[in-house]
Structure formats: structure tokens, C-alpha cells
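Asker: Structure here, sequence nowhere to be found:
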């Protein structure tokens, strides 16, 4: 199906909903069957029964936590289910819906193995489910389908929309970012991408759009990022990397105009599209917003306060509202089946109408023009369908790291395993060794940082420097700092990464290295920056003369200071690495360990780890800067 145009004010009818990351109720049905195993066929048991006039037994009570935007619609369906005596196995279902911020729920599930006080979770995006899974040690989630959809777009007050040529003029994501990137022309606002899927999807789309445009034009911007110089050595350029120049500029702009939540973004809009409120420098004229949020805003406001929507021509990613069972193994059979009964109820026509009344779309069902028109869409702005792809996982992780570094500059010491096993070849990498691929990935990481970020480099093996298992190669300093002999610290660090080599017959001296490098990182803490220690290793400790693991963990716990946090981020590379060992060490400092089977994935894992470790402090910074906003 090709791209369609939105209706104008005179048309009526329906359009096909877009369906990125489509999960239909077929998934839900599969879960229903698995839950029902051993207790009879689902339909025959009454699991999928129609509404009953009465309930034979005590209702099955379940608590559902939902994203604040969709909670009212789910609550309306749950209320109707109680009134209509909808049953599962002859027992009424009693679903109680509570609205909670997605980021807070995801972070709690990722870091707490204790089951929460609810059994169902419906955030606004699969991005939160991915974050909740964290390193795999949190509360288990069982996906059961998707409830609704809402594309992400750019909403503008009428005067600004007219200045940007709406509705006749269309834009890609990259072009929209460029057109709204000058605060003297138009004021762009968004919700904090570390706390808002809308903000993150939009920022990711901008980065990916820019990369695609630069590739189409033959100007691959990677040559200004991590390319090669005339001497053949890897260079890192200005710090944004491929497809990141406009995204980085947008991120830096948004740090000045960011709101802590999607609802606060709407509150940041100028009070009157004709100009009232624009004298306040904190007021925004255009915002990154979901279609449903624009629908709700326009339903509650009239006249020049209404918003117009720009749907980017290279596809609108969508909030997809996944439905997950929380800690399903702890649920009784009745609870699991009741949860799936409610999911099935959400796929009925009456529930679809309720969702539409609240401004949502549903995959594979027609979208009525009233929803689109109320949200602010007009022809020829595209809005469907097959071309509406979510940003890639790599783009999302890159945007998360980019945002974290834009909110708070970083001070990172990187410690790289130089043991002999790093010489082993990586399958499918044309004979490249683990060290070769690791270096290339680290150079891409380096390209993501700005001149104000501070980075340093250590290497380690056994007895690398006399009796020491470690050696400092480059101090942790500002990348833009002039280096002795010319150039900058960034260039010296790039050369040091490139020169890394495995030590023949060297083994993994992990424990002494972790303790020494953490002591220095802790002693050189810089207030106002995100301080962290990153250790990459492809093995476990092999130095019998080193401190024991128990002593190491105890000493790290004593060194760690919540008021001056320096989390240790561990990256276990390859099949011989022990992530559990590394995770135990990292958690003593408030950090965590991550596992990669291919060293090429180091870049995305480090950026994700930085984002997860820094998101709480970045959110605190955002809250401080937005507290006085209207």
C-alpha cells in the first residue's frame, strides 16, 4: 500500500491505520492457549465467553498500570466490563486501571526483582519494555499483543504552521529539524527523550533521516566522523558521527526547551496561536507530539490554540502500546486467563470505538477522518501506513546516548582487556580479531562525544607493568583540550585506541585492575558531569595473586559514594567472558554489566549503558530546569 494523504475538512470516511511493529491479537490468543493448557480448551472453558448477566463467584481482581495517555480509555473499557459482567471461566473480571509514568515503571521493573503490586502493564511503547528488561535481572514480562497505535509527528500552532507552509509543504524528519532548529524563527519543544518515547522516537527518526539523506546525496557523513585520515589511521572528527549532525544540534537545542513529560510539553505551548504568550521566552510554538496528544489538546481547545500536524514524508514512527503480563509465573491460572480475557476484550469493536473516541488508532482497522481532522491533519500531509517504520534499534540507542551526553557532559575512563585471547578471530568478520573489532567499535563511540566530554584509556593484562596488571595509556581529560606536540586530546585518544594490541601469553588481570581504576576514577570525580568507569573484558579474572572477588566487592562498596556517583559499567565480550562475575563487581558501585557476543556491538551497548546509568541524574537535571515552566 502506498502513502495516502489526509482528508481535508470536507471529506469523510476512514483510512487504514498504520501498523509498525505489528503484534496482533494472534499473539494474545497463543498466550491464552498456553495458559489454558491442562485445564481444557479456552473457548469451551468460557475464557472467551461473551458478556454474562451475572457472576457465579467472586470476581477476579487484577491491577493494570498504564501510560497516562491511554489509561482513561482502558479504564472506560474496564468499567464497561464490570457493568456488563464480562467473565472469564464464569467469574467476572475486575480490572482496576492506574496511570503511571512509563519511565518510572520501566526503571523500577529493570532494577527490582520483587514482583510489583500490579499484574498487567501497558506503556505507550515497546521501548519501555526493552528498558524494563535491562540486563535481564529484573521482573519478567510476558508480551501479549498491542492495544493501540499513535504516530509521532510535529505539532505547530497555526501561525507557525503557516510560516512552515502547512499543509501544502511537506518535510522529511531531517528537514523538519532543520526548519525548526533556529530559535529566532520558531521555538521547538519536546519531552525529555530519556523519559518520553515520543521524544526519543522523534530524535531517533531525525538522526536516521539525516543519515539516509546524506547517503542519497553521496555525502556520507561518516567521513567527518569516524573515517580515515591521510595516514590511514582512524579519525573521529567533530563528535556527532554518521547521521548525527542535525540530531546532535536538535538535542542540544531541546536541552534548553525540554519538558519532563508529554503533558508538560503541551503546557509549554504559547497560550494563543495568534501571538499571546510568545513574549515569554520559555513558550514553544512547535512541539514533537503524538497524534493522540494533539487530538486530546485540540478536543479541549478551540480557535487559534488548536494545533496543526506535520507528518514527515519518510515515515512516522508510532507509539504502539504493548500489553504485558507482569511476573506471569506468580499469577494463578484464573488471573492469567482473566488478564488475557481483558486483552481479548480490547480487540472487540466496542473497545475499538472507545479507543477511537480517545484519539487512538488500532492496527489493521480503519481510521476515521474525525480522528485525523481533530488531531490537526490535512491533505496533503501523509499519514499511513506500510512506509511508517520505527527507527532501528541502533538509531534508538544512538539517540539515547546522544541525548544523555547533551544533557550532561561525560567523564569516562575506558579500561580495555589486552590479554592474549583478544587476538582470537571473530566469526563472520573476515579474520578480524576481537581486538580489531573492539577498537573499531570504540572509535565509533569516541565519535559520539563532544569537545567538552572527558575520556581516558587504560589497558590491562597480567603483569603488564612490572607486577601491575594495568597501565594508563591516556589520562582522562577534555577531548577538546590541546595536546602536547599539537592536536587535541581527542586525536591522541584516537591514536591510542588504534594502537591497542593483545599481549602475547597475557591473561586477564581483572580484579586488581578494577580496584585501581575505580580508585582513580573516584578520586578524580568532577561535579556536574556524568562520571563512570567502563571495563571491557573477554574473560574472567586469572590472576591468582590479586585481591579476591569478595574483598574487591567490599572495597568497591566502601569507595562508592551516592553523593558523588561513579558507576562501573562492565562489558563482557564473547563466549568466554563471565557477565555474572562482572555484574557483581559493577553493582557494588551502582553500575551494571552487559554482554555482547560480537565486539561490533560494543558501541551500542556502551551508549545504552551510559543512558541507563545517567537517566536518573539527567532526569533530575531536567526537572530542575523545567520546574519554573508554565
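Answerer: Nice, I can see it. The model shown is predicted, which means the values in this text are computed figures rather than measured ones.

Asker: rest of the way, CA atoms for contacts and neighbours
Answerer: Noted.

Asker: ok, which stretches of the stretch 351-500 of the chain are helices?
Answerer: Remark: helices assigned in the stretch 351-500 of the chain by DSSP state H, counting those that start in this stretch are 369-375, 393-407, 434-446, 489-499.

Asker: so how far is the first one from its chain's centroid?
Answerer: Right, the one you point to is helix 369-375. Centroid separation for helix 369-375 versus its chain: 28 Å, with CA atoms, centre = their mean, to the nearest Å.

Asker: and it, what does it pack onto?
Answerer: helix 291-300 (3 or more CA pairs under 8 Å, 6 or more residues apart in numbering; DSSP states H and E).

Asker: Counting by contacts, list what the helix it packs on packs against.
Answerer: If you count contacts as 3+ CA pairs under 8 Å, 6+ apart, helix 291-300 packs onto strand 150-156, helix 369-375.

Asker: okay, those, which one's buried deepest?
Answerer: strand 150-156 (a mean of 28; mean count of other CA atoms under 10 Å).

Asker: helices and strands around that strand, which ones?
Answerer: Secondary-structure packing of strand 150-156 (3+ CA pairs under 8 Å, 6+ apart): helix 197-216, strand 286-290, helix 291-300, strand 308-310, strand 318-319.

Asker: any chance of the ones you listed in TSV, with mean neighbour count too?
Answerer: Compiled in TSV, the helices and strands packed on strand 150-156 are given as follows (neighbours: other CA atoms under 10 Å):
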stretch	mean neighbour count
helix 197-216	24
strand 286-290	27
helix 291-300	21
strand 308-310	29
strand 318-319	27
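
Asker: can you redo these as CSV with mean pLDDT and distance to residue 579?
Answerer: Compiled in CSV, the helices and strands packed on strand 150-156 are given as follows (pLDDT from 0 to 100; distance: least, CA to CA, whole Å):
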stretch, mean pLDDT, distance to residue 579
helix 197-216, 84, 29
strand 286-290, 94, 38
helix 291-300, 94, 41
strand 308-310, 95, 45
strand 318-319, 92, 33
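
Asker: do you know which of these lies nearest residue 149?
Answerer: strand 318-319 (5.5 Å; CA to CA).

Asker: surely residue 141 meets residue 328?
Answerer: Yes - contact criterion CA atoms under 8 Å: residue 141 and residue 328 qualify, at 7.2 Å.

Asker: any residues in contact with both of these two?
Answerer: Residues touching both residue 141 and residue 328 (CA atoms under 8 Å, 6 or more residues apart in numbering): there are none.

Asker: returning to that earlier point: could the helices and strands packed on strand 150-156 go into TSV alongside distance to residue 457?
Answerer: As requested, the helices and strands packed on strand 150-156 are exported to TSV (distance: least, CA to CA, whole Å):
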stretch	distance to residue 457
helix 197-216	28
strand 286-290	38
helix 291-300	45
strand 308-310	45
strand 318-319	39
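
Asker: quick one: which of the ones you listed is nearest residue 103?
Answerer: Comparison of those against residue 103 by CA to CA identifies helix 197-216 as nearest, at 8.9 Å.

Asker: Does anything pack onto that closest one? Which helices or strands?
Answerer: strand 150-156, helix 173-179, strand 188-191, helix 245-257, strand 286-290, helix 393-407.

Asker: Follow the chain on from the fourth one and name the next helix or strand.
Answerer: Moving toward the C-terminus from helix 245-257, the first helix or strand encountered (DSSP states H and E) is strand 258-259.

Asker: Could you do the first one as well?
Answerer: Going down the chain from strand 150-156, the next helix or strand is helix 158-163, by DSSP H and E.

Asker: ok, now how distant is residue 300 from residue 375?
Answerer: In this structure, residue 300 and residue 375 are 11 Å apart, going by CA to CA, to the nearest Å.

Asker: now swap in residue 509 and tell me
Answerer: Taking CA to CA, one finds residue 509 at 59 Å from residue 375.

Asker: Now for the spatially most central residue of the chain: which residues touch it?
Answerer: Nearest to the mean C-alpha position of the chain, by CA atoms, centre = their mean, lies residue 127 at 5.3 Å. Applying CA under 8 Å, 6+ apart to residue 127 gives the contacts residue 197.

Asker: A helix includes it, no?
Answerer: Yes - Residue 127 forms part of a helix when assessed by DSSP: H, G, I helix; E, B strand; the rest coil.

Asker: now for the one helix or strand residue 521 maps to, which elements pack on it?
Answerer: Using DSSP H and E, the element containing residue 521 is helix 510-523. On a contact count with 3+ CA pairs under 8 Å, 6+ apart, helix 510-523 meets strand 454-465, strand 468-478, strand 530-537, helix 549-559.

Asker: Look at the nearest residue to residue 504 once chain neighbours are set aside and say how many residues are nearby.
Answerer: Once flanking residues are discounted, residue 504 sits nearest to residue 420: 5.0 Å by CA to CA, 6 or more residues apart in numbering. Neighbour count for residue 420, taken as other CA atoms under 10 Å: 18.
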